[in-house]
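S.K.: this is a predicted model, with the sequence first.
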Amino acid sequence: MLYDRDDPGHSYPEGEGGIPLVLAALAFMMAGGFSITGLVIMLRKGTTEEDFLA
């Protein structure tokens, strides 16, 4: 366990220090949003091409 010298009440487990969970969740949600947006665009393009062929 590591303690902050200026604020001993602030402690965290040793070895911790990667990206915070909130940032990881935000990145995951953004990637999902981009994927869904791309899928919607592809589906709309697919229907418009079929309309032109008819």
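M.R.: Nice, I can see it. Numbering: from 1, shown residues only.
S.K.: from here on, contacts and neighbour counts on C-alpha atoms
M.R.: Fine.
S.K.: how about His10, phi and psi?
M.R.: Main-chain dihedrals, His10, degrees, to the nearest 10: phi -90, psi 110.
S.K.: quick one: the strands in the protein?
M.R.: Ranges of strands in the chain, per DSSP state E, are 2-3, 11-12.
S.K.: mind putting the ones you listed into a markdown table with mean pLDDT?
M.R.: Formatted as a markdown table, the strands of the chain follow (pLDDT from 0 to 100):
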| stretch | mean pLDDT |
| --- | --- |
| strand 2-3 | 72 |
| strand 11-12 | 72 |
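S.K.: dump the ones you listed to JSON lines, plus distance to Ile36 and mean neighbour count.
M.R.: Formatted as JSON lines, the strands of the chain follow (distance: least, Cα to Cα, whole Å; neighbours: other Cα atoms under 10 Å):
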{"stretch": "strand 2-3", "distance to Ile36": "42", "mean neighbour count": "12"}
{"stretch": "strand 11-12", "distance to Ile36": "37", "mean neighbour count": "12"}
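S.K.: could I get those strands in TSV, plus columns for distance to Met29?
M.R.: Putting the strands of the chain into TSV (distance: least, Cα to Cα, whole Å) gives the following:
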stretch	distance to Met29
strand 2-3	32
strand 11-12	27
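S.K.: tell me which of these sits nearest to Leu39.
M.R.: Comparing the strands of the chain against Leu39 with Cα to Cα, the closest turns out to be strand 11-12 (41.3 Å).
S.K.: pLDDT score for Ala25?
M.R.: pLDDT recorded at Ala25 is 91.
S.K.: and Leu21, by the same measure?
M.R.: 82.
S.K.: distance of it relative to Phe28?
M.R.: When distance is defined by Cα to Cα, to the nearest Å, Leu21 is 10 Å away from Phe28.
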